[in-house]
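>>> pasted the sequence and its predicted model underneath.
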Amino acid sequence: AMFKTDPVRPDAYREFERPLPEWFRGAALGIFVHWGPYSVPAWAEPTGELGAVPREEWYAHNPYAEWYANTMRIEGSPAQMHHERVHGGAPYDDFLDAWKAEDFDADEVLAVVAATGAGYFIPTTKHHDGVTLWDAPGTDGRNTVARGPRQDLIGAFADATRAAGLRFGVYYSGGLDWHFSGLPPIEHDDDPAPDDLAYAEYAHDHVIDLIDRYRPDILWGDIRWPVAGIEPGPKSLAHAFQTFYERVPDGVVNDRWGESHWDFRTSEYVHGTAVEVGEAWENTRGIGLSFGHNRNETNEHLLSAHEAVRLLVDVVSRGGNLLLNIGLEASGRIPELQRQTLEGIGVWNRHYGHAVVGARPEGRMPASDEPWIRWTRTDDAVHAVVDQTGPVRLPDPDRVLDESTARIGERHVTAERVDGGILVDVEDAVTPVAISFRTRD
Ligand SMILES: CC(C)[C@@H]1NC[C@@H](O)[C@H](O)[C@@H]1O
(Lines give C-alpha, C1' and ligand atoms only; values in the text may rest on other atoms or scores of the structure.)
Protein backbone atom coordinates (compact mmCIF):
# COMPACT_ATOMS: atom_id res chain seq x y z
CA ALA A 1 0.00 0.00 0.00
CA MET A 2 1.22 3.51 -0.74
CA PHE A 3 0.46 5.05 2.60
CA LYS A 4 2.74 4.50 5.53
CA THR A 5 2.63 1.02 6.90
CA ASP A 6 3.09 0.35 10.59
CA PRO A 7 6.88 0.50 10.35
CA VAL A 8 8.80 -2.50 11.59
CA ARG A 9 12.46 -2.26 12.49
CA PRO A 10 14.68 -4.47 10.34
CA ASP A 11 17.92 -5.48 12.07
CA ALA A 12 19.94 -3.19 9.77
CA TYR A 13 18.16 -0.20 11.36
CA ARG A 14 18.25 -1.27 15.04
CA GLU A 15 21.55 0.56 15.53
CA PHE A 16 19.65 3.87 15.32
CA GLU A 17 17.40 3.22 18.30
CA ARG A 18 17.93 5.69 21.18
CA PRO A 19 16.01 7.32 24.03
CA LEU A 20 13.76 10.20 22.94
CA PRO A 21 15.53 13.52 23.75
CA GLU A 22 13.75 15.65 26.37
CA TRP A 23 13.79 18.75 24.10
CA PHE A 24 11.33 16.92 21.80
CA ARG A 25 9.35 14.95 24.39
CA GLY A 26 8.62 18.04 26.51
CA ALA A 27 8.03 20.51 23.65
CA ALA A 28 4.21 19.97 23.68
CA LEU A 29 3.61 22.07 20.53
CA GLY A 30 5.27 22.24 17.11
CA ILE A 31 4.23 24.34 14.10
CA PHE A 32 4.20 22.98 10.54
CA VAL A 33 4.12 25.05 7.35
CA HIS A 34 2.95 23.74 3.99
CA TRP A 35 3.92 26.14 1.21
CA GLY A 36 4.46 25.48 -2.49
CA PRO A 37 3.20 26.11 -6.04
CA TYR A 38 -0.14 24.66 -4.81
CA SER A 39 -0.44 27.79 -2.64
CA VAL A 40 -1.11 29.81 -5.84
CA PRO A 41 -4.43 28.17 -6.82
CA ALA A 42 -4.98 27.48 -3.08
CA TRP A 43 -8.08 25.54 -4.07
CA ALA A 44 -9.73 22.39 -2.75
CA GLU A 45 -13.20 21.29 -1.78
CA PRO A 46 -13.52 21.58 2.01
CA THR A 47 -14.95 18.08 1.96
CA GLY A 48 -14.23 17.09 5.55
CA GLU A 49 -11.50 15.91 7.92
CA LEU A 50 -9.20 13.03 7.02
CA GLY A 51 -10.87 10.00 8.57
CA ALA A 52 -14.37 11.42 8.19
CA VAL A 53 -14.44 11.32 4.37
CA PRO A 54 -15.18 7.92 2.75
CA ARG A 55 -11.94 6.66 1.12
CA GLU A 56 -13.64 6.20 -2.26
CA GLU A 57 -14.47 9.95 -2.32
CA TRP A 58 -11.18 11.19 -0.93
CA TYR A 59 -8.98 11.58 -4.03
CA ALA A 60 -11.44 13.18 -6.47
CA HIS A 61 -12.75 15.50 -3.72
CA ASN A 62 -9.50 15.96 -1.80
CA PRO A 63 -9.71 18.66 0.89
CA TYR A 64 -5.89 18.78 0.95
CA ALA A 65 -5.15 21.82 -1.25
CA GLU A 66 -1.49 20.72 -1.42
CA TRP A 67 -2.72 17.76 -3.53
CA TYR A 68 -3.95 20.13 -6.29
CA ALA A 69 -1.49 18.70 -8.89
CA ASN A 70 -3.10 15.29 -8.36
CA THR A 71 -6.73 16.32 -7.88
CA MET A 72 -6.71 18.54 -11.00
CA ARG A 73 -5.66 15.51 -13.10
CA ILE A 74 -8.56 13.30 -12.00
CA GLU A 75 -11.11 13.12 -14.84
CA GLY A 76 -14.28 14.98 -14.00
CA SER A 77 -13.18 16.15 -10.56
CA PRO A 78 -14.43 19.56 -9.39
CA ALA A 79 -10.76 20.58 -9.13
CA GLN A 80 -10.25 19.71 -12.80
CA MET A 81 -13.29 21.78 -13.77
CA HIS A 82 -12.03 24.63 -11.58
CA HIS A 83 -8.58 24.36 -13.19
CA GLU A 84 -10.07 24.51 -16.70
CA ARG A 85 -12.38 27.41 -15.90
CA VAL A 86 -10.08 29.61 -13.81
CA HIS A 87 -6.59 28.62 -15.00
CA GLY A 88 -7.40 27.61 -18.58
CA GLY A 89 -6.03 24.12 -17.99
CA ALA A 90 -2.49 25.55 -17.86
CA PRO A 91 0.44 23.26 -16.89
CA TYR A 92 0.87 22.91 -13.12
CA ASP A 93 4.41 24.33 -13.30
CA ASP A 94 3.00 27.71 -14.34
CA PHE A 95 2.07 28.03 -10.64
CA LEU A 96 5.77 27.73 -9.72
CA ASP A 97 6.56 30.74 -11.91
CA ALA A 98 3.47 32.61 -10.66
CA TRP A 99 4.51 32.07 -7.02
CA LYS A 100 6.22 35.33 -6.02
CA ALA A 101 6.28 35.20 -2.19
CA GLU A 102 6.27 39.00 -2.47
CA ASP A 103 5.27 39.58 1.18
CA PHE A 104 7.41 36.79 2.64
CA ASP A 105 9.47 37.67 5.72
CA ALA A 106 10.69 34.56 7.53
CA ASP A 107 11.26 36.50 10.76
CA GLU A 108 7.66 37.73 10.71
CA VAL A 109 6.36 34.18 10.26
CA LEU A 110 8.62 32.91 13.06
CA ALA A 111 7.52 35.75 15.37
CA VAL A 112 3.93 34.46 15.07
CA VAL A 113 5.14 30.86 15.45
CA ALA A 114 7.28 31.60 18.53
CA ALA A 115 4.42 33.58 20.15
CA THR A 116 2.30 30.40 20.18
CA GLY A 117 4.76 28.87 22.67
CA ALA A 118 5.81 26.19 20.16
CA GLY A 119 9.16 24.49 20.71
CA TYR A 120 9.85 23.58 17.07
CA PHE A 121 9.04 24.64 13.49
CA ILE A 122 8.95 22.44 10.36
CA PRO A 123 8.47 23.74 6.79
CA THR A 124 7.89 21.52 3.75
CA THR A 125 11.10 21.30 1.72
CA LYS A 126 9.65 19.08 -1.04
CA HIS A 127 6.01 18.03 -1.12
CA HIS A 128 4.47 15.45 -3.46
CA ASP A 129 4.69 17.80 -6.49
CA GLY A 130 8.49 17.45 -6.34
CA VAL A 131 9.25 21.18 -6.30
CA THR A 132 12.02 21.94 -3.77
CA LEU A 133 12.08 25.08 -1.64
CA TRP A 134 15.90 25.13 -1.85
CA ASP A 135 18.31 24.53 -4.77
CA ALA A 136 18.28 20.80 -4.30
CA PRO A 137 20.62 18.61 -6.38
CA GLY A 138 19.14 17.04 -9.51
CA THR A 139 16.09 19.32 -9.67
CA ASP A 140 17.30 20.98 -12.87
CA GLY A 141 15.94 24.40 -11.91
CA ARG A 142 12.53 23.15 -10.76
CA ASN A 143 13.02 24.83 -7.41
CA THR A 144 12.30 28.16 -5.67
CA VAL A 145 15.85 29.48 -6.09
CA ALA A 146 15.80 29.22 -9.90
CA ARG A 147 12.12 30.08 -10.39
CA GLY A 148 9.12 31.74 -8.74
CA PRO A 149 10.20 33.17 -5.34
CA ARG A 150 13.85 33.03 -6.46
CA GLN A 151 14.85 32.43 -2.85
CA ASP A 152 16.30 29.66 -0.68
CA LEU A 153 13.14 29.52 1.44
CA ILE A 154 14.50 26.71 3.63
CA GLY A 155 17.62 28.69 4.45
CA ALA A 156 15.48 31.71 5.34
CA PHE A 157 13.24 29.56 7.58
CA ALA A 158 16.24 27.83 9.22
CA ASP A 159 17.91 31.14 10.12
CA ALA A 160 14.68 32.71 11.40
CA THR A 161 13.84 29.60 13.47
CA ARG A 162 17.25 29.60 15.18
CA ALA A 163 17.06 33.38 15.74
CA ALA A 164 13.68 32.83 17.44
CA GLY A 165 15.20 30.17 19.71
CA LEU A 166 13.17 27.23 18.37
CA ARG A 167 14.30 23.85 17.10
CA PHE A 168 14.16 23.45 13.29
CA GLY A 169 12.81 20.47 11.35
CA VAL A 170 12.45 19.64 7.66
CA TYR A 171 9.51 17.87 6.05
CA TYR A 172 10.48 15.78 3.03
CA SER A 173 8.03 13.77 0.87
CA GLY A 174 10.01 10.57 0.37
CA GLY A 175 7.13 8.34 -0.65
CA LEU A 176 5.58 10.48 -3.39
CA ASP A 177 7.11 12.65 -6.10
CA TRP A 178 4.63 13.08 -8.94
CA HIS A 179 7.20 14.88 -11.14
CA PHE A 180 10.01 12.38 -10.79
CA SER A 181 7.78 9.34 -11.04
CA GLY A 182 5.55 10.64 -13.88
CA LEU A 183 2.84 8.24 -12.72
CA PRO A 184 -0.88 8.82 -13.47
CA PRO A 185 -2.92 10.58 -10.79
CA ILE A 186 -3.53 8.68 -7.56
CA GLU A 187 -7.18 7.67 -7.16
CA HIS A 188 -6.89 4.82 -4.65
CA ASP A 189 -4.85 4.18 -1.51
CA ASP A 190 -2.94 1.32 -3.10
CA ASP A 191 -2.00 3.11 -6.33
CA PRO A 192 1.74 2.80 -7.08
CA ALA A 193 4.44 5.12 -5.73
CA PRO A 194 8.08 5.45 -6.92
CA ASP A 195 10.17 2.57 -5.51
CA ASP A 196 13.09 2.33 -7.96
CA LEU A 197 16.76 2.84 -7.11
CA ALA A 198 17.12 5.96 -9.29
CA TYR A 199 14.45 7.73 -7.25
CA ALA A 200 15.76 6.35 -3.95
CA GLU A 201 19.24 7.78 -4.69
CA TYR A 202 17.76 11.10 -5.87
CA ALA A 203 15.79 11.41 -2.62
CA HIS A 204 18.79 10.26 -0.54
CA ASP A 205 20.90 13.07 -2.04
CA HIS A 206 18.17 15.56 -1.10
CA VAL A 207 18.08 14.44 2.53
CA ILE A 208 21.90 14.51 2.76
CA ASP A 209 21.90 18.04 1.28
CA LEU A 210 19.29 19.20 3.81
CA ILE A 211 21.37 17.77 6.66
CA ASP A 212 24.62 19.29 5.40
CA ARG A 213 23.18 22.74 4.74
CA TYR A 214 20.59 23.31 7.47
CA ARG A 215 21.48 20.90 10.35
CA PRO A 216 17.79 20.19 11.07
CA ASP A 217 16.86 18.82 14.50
CA ILE A 218 13.96 16.83 13.01
CA LEU A 219 13.69 14.78 9.79
CA TRP A 220 9.95 14.59 9.14
CA GLY A 221 9.52 12.11 6.29
CA ASP A 222 6.16 11.49 4.65
CA ILE A 223 4.22 8.54 3.22
CA ARG A 224 7.25 6.14 3.31
CA TRP A 225 10.71 5.62 1.73
CA PRO A 226 11.30 4.03 -1.72
CA VAL A 227 11.79 0.30 -1.14
CA ALA A 228 15.03 0.19 -3.18
CA GLY A 229 16.50 2.70 -0.75
CA ILE A 230 15.79 0.64 2.34
CA GLU A 231 18.32 -2.00 1.28
CA PRO A 232 22.00 -1.51 2.26
CA GLY A 233 24.00 0.62 -0.19
CA PRO A 234 26.08 3.80 -0.49
CA LYS A 235 22.93 5.89 -0.94
CA SER A 236 20.63 3.90 1.33
CA LEU A 237 18.30 5.34 3.92
CA ALA A 238 20.55 3.83 6.58
CA HIS A 239 23.40 5.98 5.21
CA ALA A 240 21.15 9.05 5.45
CA PHE A 241 20.20 8.25 9.07
CA GLN A 242 23.84 7.57 9.95
CA THR A 243 24.82 10.95 8.49
CA PHE A 244 21.96 12.65 10.33
CA TYR A 245 22.77 11.31 13.78
CA GLU A 246 26.51 12.01 13.28
CA ARG A 247 25.74 15.65 12.47
CA VAL A 248 22.82 16.05 14.92
CA PRO A 249 23.30 13.63 17.87
CA ASP A 250 20.07 14.73 19.62
CA GLY A 251 18.09 14.84 16.38
CA VAL A 252 14.88 12.88 15.84
CA VAL A 253 13.14 11.25 12.87
CA ASN A 254 9.42 10.42 12.55
CA ASP A 255 7.80 7.13 11.54
CA ARG A 256 7.14 7.67 7.82
CA TRP A 257 10.41 6.30 6.39
CA GLY A 258 9.04 2.88 5.49
CA GLU A 259 10.12 -0.30 7.23
CA SER A 260 13.22 1.18 8.80
CA HIS A 261 13.39 3.26 11.99
CA TRP A 262 11.67 5.99 13.94
CA ASP A 263 12.19 8.03 17.11
CA PHE A 264 8.53 9.08 17.34
CA ARG A 265 5.24 7.92 15.85
CA THR A 266 2.79 10.22 14.06
CA SER A 267 -1.00 10.33 13.73
CA GLU A 268 -2.69 12.59 11.15
CA TYR A 269 -6.05 14.09 12.20
CA VAL A 270 -7.30 10.69 13.39
CA HIS A 271 -6.05 9.68 16.85
CA GLY A 272 -4.64 6.30 15.88
CA THR A 273 -4.64 4.04 18.92
CA ALA A 274 -1.60 2.05 17.73
CA VAL A 275 0.37 5.31 17.49
CA GLU A 276 -0.78 7.36 20.48
CA VAL A 277 0.77 5.29 23.25
CA GLY A 278 3.65 6.11 25.59
CA GLU A 279 5.41 9.45 25.20
CA ALA A 280 7.09 9.26 21.77
CA TRP A 281 4.32 10.40 19.46
CA GLU A 282 2.88 13.45 17.75
CA ASN A 283 -0.59 14.22 16.40
CA THR A 284 -0.61 16.54 13.38
CA ARG A 285 -3.37 18.38 11.49
CA GLY A 286 -4.11 21.59 9.68
CA ILE A 287 -5.81 24.44 11.50
CA GLY A 288 -8.55 23.66 8.95
CA LEU A 289 -9.16 20.59 6.78
CA SER A 290 -6.11 21.17 4.57
CA PHE A 291 -2.35 21.59 5.00
CA GLY A 292 -1.91 23.81 1.93
CA HIS A 293 -3.80 27.12 2.06
CA ASN A 294 -7.36 26.59 0.75
CA ARG A 295 -9.19 29.80 -0.13
CA ASN A 296 -12.52 27.92 0.20
CA GLU A 297 -12.09 27.37 3.95
CA THR A 298 -14.13 29.58 6.25
CA ASN A 299 -14.45 29.80 10.04
CA GLU A 300 -16.66 26.73 10.13
CA HIS A 301 -13.80 24.62 8.74
CA LEU A 302 -11.10 25.94 11.08
CA LEU A 303 -10.23 25.11 14.69
CA SER A 304 -10.90 28.10 16.92
CA ALA A 305 -8.18 28.98 19.43
CA HIS A 306 -10.30 27.33 22.11
CA GLU A 307 -10.66 24.11 20.13
CA ALA A 308 -6.93 24.10 19.30
CA VAL A 309 -6.04 24.53 22.99
CA ARG A 310 -8.32 21.66 24.02
CA LEU A 311 -6.64 19.49 21.38
CA LEU A 312 -3.17 20.54 22.63
CA VAL A 313 -4.06 19.79 26.28
CA ASP A 314 -5.69 16.46 25.37
CA VAL A 315 -2.68 15.33 23.32
CA VAL A 316 -0.15 16.37 25.98
CA SER A 317 -2.24 14.75 28.75
CA ARG A 318 -1.89 11.47 26.81
CA GLY A 319 1.88 11.76 26.30
CA GLY A 320 2.16 13.32 22.82
CA ASN A 321 3.01 16.57 21.05
CA LEU A 322 0.67 18.51 18.75
CA LEU A 323 2.11 19.56 15.38
CA LEU A 324 -0.31 22.22 14.08
CA ASN A 325 0.00 23.37 10.46
CA ILE A 326 -0.15 26.81 8.85
CA GLY A 327 -1.02 26.94 5.13
CA LEU A 328 0.90 30.04 4.00
CA GLU A 329 -0.61 32.15 1.21
CA ALA A 330 1.46 32.34 -2.01
CA SER A 331 2.44 35.88 -0.95
CA GLY A 332 4.06 34.50 2.21
CA ARG A 333 1.38 35.90 4.52
CA ILE A 334 -0.35 33.85 7.21
CA PRO A 335 -4.09 33.61 6.40
CA GLU A 336 -5.94 35.92 8.81
CA LEU A 337 -8.28 33.22 10.19
CA GLN A 338 -5.30 30.93 10.91
CA ARG A 339 -3.39 33.78 12.54
CA GLN A 340 -6.28 34.36 14.96
CA THR A 341 -6.16 30.73 16.10
CA LEU A 342 -2.37 30.90 16.51
CA GLU A 343 -2.55 34.11 18.55
CA GLY A 344 -5.21 32.59 20.80
CA ILE A 345 -2.99 29.58 21.49
CA GLY A 346 -0.21 31.98 22.45
CA VAL A 347 -2.49 33.86 24.89
CA TRP A 348 -3.42 30.55 26.52
CA ASN A 349 0.17 29.35 26.72
CA ARG A 350 1.24 32.60 28.37
CA HIS A 351 -1.36 31.87 31.09
CA TYR A 352 -1.08 28.10 31.36
CA GLY A 353 1.90 26.87 29.34
CA HIS A 354 3.38 25.59 32.63
CA ALA A 355 0.73 22.84 32.55
CA VAL A 356 1.77 21.50 29.12
CA VAL A 357 5.43 22.40 28.37
CA GLY A 358 7.67 19.69 29.87
CA ALA A 359 4.50 17.91 31.08
CA ARG A 360 3.80 14.19 31.21
CA PRO A 361 0.54 12.25 31.58
CA GLU A 362 -0.83 12.03 35.14
CA GLY A 363 -2.83 8.92 35.82
CA ARG A 364 -5.57 7.46 33.72
CA MET A 365 -7.75 9.30 31.24
CA PRO A 366 -11.12 10.39 32.66
CA ALA A 367 -13.90 7.96 31.83
CA SER A 368 -16.12 10.65 30.37
CA ASP A 369 -15.91 14.25 29.18
CA GLU A 370 -18.73 15.44 31.42
CA PRO A 371 -17.13 17.57 32.73
CA TRP A 372 -14.10 17.80 30.42
CA ILE A 373 -10.94 17.41 32.55
CA ARG A 374 -7.37 16.58 31.50
CA TRP A 375 -4.54 15.86 33.93
CA THR A 376 -0.84 16.53 33.41
CA ARG A 377 2.19 16.34 35.67
CA THR A 378 5.36 18.47 35.72
CA ASP A 379 8.32 18.20 38.09
CA ASP A 380 6.72 20.39 40.72
CA ALA A 381 2.97 19.95 40.34
CA VAL A 382 -0.06 18.06 39.07
CA HIS A 383 -2.36 20.10 36.85
CA ALA A 384 -6.09 19.64 36.30
CA VAL A 385 -7.18 21.47 33.16
CA VAL A 386 -10.92 22.18 33.21
CA ASP A 387 -13.06 23.96 30.65
CA GLN A 388 -15.52 25.71 32.94
CA THR A 389 -15.60 28.36 35.65
CA GLY A 390 -17.45 28.49 38.99
CA PRO A 391 -17.42 25.61 41.50
CA VAL A 392 -15.69 22.55 40.01
CA ARG A 393 -15.43 19.17 41.75
CA LEU A 394 -12.25 17.34 40.78
CA PRO A 395 -12.03 13.60 41.32
CA ASP A 396 -8.74 12.55 42.87
CA PRO A 397 -6.32 11.38 40.18
CA ASP A 398 -4.07 8.42 40.95
CA ARG A 399 -1.97 10.41 43.45
CA VAL A 400 -3.42 12.25 46.43
CA LEU A 401 -3.42 16.01 45.93
CA ASP A 402 -2.69 18.52 48.67
CA GLU A 403 -5.76 20.71 48.27
CA SER A 404 -4.16 23.42 50.43
CA THR A 405 -1.64 24.05 47.60
CA ALA A 406 -4.25 24.68 44.88
CA ARG A 407 -3.43 27.59 42.58
CA ILE A 408 -4.52 28.99 39.25
CA GLY A 409 -1.47 30.44 37.56
CA GLU A 410 0.27 32.37 40.33
CA ARG A 411 -2.93 32.92 42.28
CA HIS A 412 -3.61 30.74 45.34
CA VAL A 413 -7.23 29.48 45.41
CA THR A 414 -9.25 27.85 48.14
CA ALA A 415 -9.99 24.19 47.62
CA GLU A 416 -11.74 21.87 50.03
CA ARG A 417 -12.00 18.13 50.16
CA VAL A 418 -15.53 16.87 49.67
CA ASP A 419 -16.73 13.29 49.30
CA GLY A 420 -14.32 11.66 46.86
CA GLY A 421 -12.86 14.79 45.41
CA ILE A 422 -11.75 18.38 45.72
CA LEU A 423 -14.06 21.37 45.26
CA VAL A 424 -12.39 24.39 43.66
CA ASP A 425 -13.96 27.72 42.85
CA VAL A 426 -12.57 28.47 39.37
CA GLU A 427 -12.45 32.03 38.16
CA ASP A 428 -10.41 33.16 35.15
CA ALA A 429 -11.02 35.05 31.96
CA VAL A 430 -9.00 32.57 29.92
CA THR A 431 -10.37 29.05 29.53
CA PRO A 432 -9.64 26.21 29.71
CA VAL A 433 -8.16 26.77 33.19
CA ALA A 434 -5.23 24.81 34.67
CA ILE A 435 -5.55 24.26 38.43
CA SER A 436 -2.18 23.25 39.88
CA PHE A 437 -1.56 21.21 43.04
CA ARG A 438 1.35 19.76 44.90
CA THR A 439 0.87 16.14 45.88
CA ARG A 440 0.96 14.78 49.42
CA ASP A 441 3.66 12.20 48.75
C1 LIG B 1 0.56 15.21 7.91
C2 LIG B 1 0.88 16.02 6.66
C3 LIG B 1 2.38 16.13 6.55
C4 LIG B 1 0.24 15.34 5.45
N5 LIG B 1 0.89 14.08 5.17
C6 LIG B 1 0.28 13.32 4.06
C7 LIG B 1 0.27 14.20 2.80
O8 LIG B 1 -0.35 13.51 1.73
C9 LIG B 1 -0.46 15.49 3.07
O10 LIG B 1 -0.47 16.29 1.91
C11 LIG B 1 0.23 16.24 4.20
O12 LIG B 1 1.54 16.60 3.80
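Thanks, I have it.
>>> the helix or strand where Tyr245 lies: which residues count as buried?
Per DSSP states H and E, Tyr245 falls inside helix 237-247. Neighbour counts over helix 237-247 (16 or more other Cβ atoms under 10 Å) mark Leu237, Ala238, His239, Ala240, Phe241, Phe244, Tyr245 as buried. Just so you know, the C-beta spots here come from the backbone N, C-alpha and C atoms, and that holds for glycine as well.
>>> pLDDT at the second one, what is it?
Right, the one you point to is Ala238. Per-residue confidence at Ala238 stands at 97 (pLDDT).
>>> got the residues of the stretch 301-441 of the chain near the ligand?
Listed as neighbours of the ligand in the stretch 301-441 of the chain under the rule Cβ under 6 Å from any ligand atom: no residues.
>>> now the stretch 301-441 of the chain against the ligand: closest residue?
As assessed by Cβ to the nearest ligand atom, the ligand sits closest to Asn325 within the stretch 301-441 of the chain, at 7.0 Å.
>>> and what of the stretch 101-250 of the chain?
Counting by Cβ to the nearest ligand atom, the stretch 101-250 of the chain gets nearest the ligand through Asp222, at 4.9 Å.
>>> my guess is that residue contacts Ser173, does it?
Yes: assessed by Cβ atoms under 8 Å, Asp222 is found in contact with Ser173 at 4.7 Å.
>>> now the helices for the protein?
With DSSP state H, the ranges of helices along the chain come out as 22-25, 55-58, 68-71, 78-87, 94-98, 106-115, 153-163, 178-181, 197-214, 227-230, 237-247, 305-317, 336-352.
>>> could the ones you listed go into CSV alongside distance to Asn254?
Formatted as CSV, these follow (distance: least, Cβ to Cβ, whole Å):
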stretch, distance to Asn254
helix 22-25, 10
helix 55-58, 22
helix 68-71, 22
helix 78-87, 28
helix 94-98, 27
helix 106-115, 19
helix 153-163, 18
helix 178-181, 22
helix 197-214, 13
helix 227-230, 16
helix 237-247, 12
helix 305-317, 15
helix 336-352, 22
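>>> let me know which of those is tucked in deepest.
Of all the helices of the chain, helix 68-71 carries the top mean neighbour count, a mean of 26, counting by mean count of other Cβ atoms under 10 Å.
>>> for that helix, what is the average pLDDT?
98.
>>> check stretch 422-440 too.
Mean predicted confidence for stretch 422-440 is 92.
>>> likewise for stretch 129-145?
Stretch 129-145 comes out at a mean pLDDT of 98.
>>> what's the first-to-last distance across it?
16 Å (Cα to Cα, to the nearest Å).
>>> in that stretch, what's buried?
Within stretch 129-145, judged by 16+ other Cβ under 10 Å, the buried ones are 129-136, 139, 142-145.
>>> need these in a markdown table (columns: distance to Ile230).
Formatted as a markdown table, those follow (distance: Cβ to Cβ, whole Å):
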| residue | distance to Ile230 |
| --- | --- |
| Asp129 | 24 |
| Gly130 | 21 |
| Val131 | 25 |
| Thr132 | 22 |
| Leu133 | 26 |
| Trp134 | 25 |
| Asp135 | 27 |
| Ala136 | 21 |
| Thr139 | 23 |
| Arg142 | 26 |
| Asn143 | 26 |
| Thr144 | 29 |
| Val145 | 30 |
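>>> got the residues you listed as JSON lines, with distance to the ligand columns?
What follows is the buried residues of stretch 129-145, written out as JSON lines (distance: Cβ to the nearest ligand atom, whole Å):
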{"residue": "Asp129", "distance to the ligand": "10"}
{"residue": "Gly130", "distance to the ligand": "13"}
{"residue": "Val131", "distance to the ligand": "14"}
{"residue": "Thr132", "distance to the ligand": "15"}
{"residue": "Leu133", "distance to the ligand": "14"}
{"residue": "Trp134", "distance to the ligand": "18"}
{"residue": "Asp135", "distance to the ligand": "22"}
{"residue": "Ala136", "distance to the ligand": "18"}
{"residue": "Thr139", "distance to the ligand": "19"}
{"residue": "Arg142", "distance to the ligand": "19"}
{"residue": "Asn143", "distance to the ligand": "18"}
{"residue": "Thr144", "distance to the ligand": "17"}
{"residue": "Val145", "distance to the ligand": "22"}
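>>> one step back: for the helices of the chain, which one sits closest to Asp387?
Smallest distance to Asp387 across the helices of the chain (Cβ to Cβ): 6.7 Å, for helix 305-317.
>>> for Leu323, give me its contacts.
Residues in contact with Leu323 (Cβ atoms under 8 Å, 6 or more residues apart in numbering) are Leu29, Gly30, Ile31, Phe32, Ile122, Thr266, Glu282, Asn283, Thr284.
>>> and it, what pLDDT?
We have a pLDDT of 98 for Leu323.
>>> who does it form a beta bridge with?
Gly30, Thr284 (DSSP bridges).
>>> that one and Ala98, how far apart?
29 Å (Cβ to Cβ, to the nearest Å).
>>> what does Arg360 give?
For Arg360 relative to Ala98 (Cβ to Cβ), the value is 47 Å.
>>> and if you look at Trp220?
27 Å.
>>> which of the buried residues of helix 237-247 lies closest to Asp103?
Phe244 (33.3 Å).
>>> my read: the closest one touches Ile211, true?
Yes: here Phe244 reaches Ile211: they are 5.4 Å apart, a contact under Cβ under 8 Å.
>>> next, show the common contact partners of those two.
Leu219.
>>> contacts only, for the residue of the stretch 101-250 of the chain closest to the ligand.
Per Cβ under 8 Å, 6+ apart, neighbours of Asp222: Tyr171, Tyr172, Ser173, Gly174, Gly175, Leu176, Arg256.
>>> okay if I get those residues as JSON lines plus pLDDT and distance to the ligand?
As requested, those are exported to JSON lines (pLDDT from 0 to 100; distance: Cβ to the nearest ligand atom, whole Å):
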{"residue": "Tyr171", "pLDDT": "98", "distance to the ligand": "6"}
{"residue": "Tyr172", "pLDDT": "98", "distance to the ligand": "10"}
{"residue": "Ser173", "pLDDT": "98", "distance to the ligand": "7"}
{"residue": "Gly174", "pLDDT": "98", "distance to the ligand": "11"}
{"residue": "Gly175", "pLDDT": "97", "distance to the ligand": "9"}
{"residue": "Leu176", "pLDDT": "97", "distance to the ligand": "7"}
{"residue": "Arg256", "pLDDT": "96", "distance to the ligand": "8"}
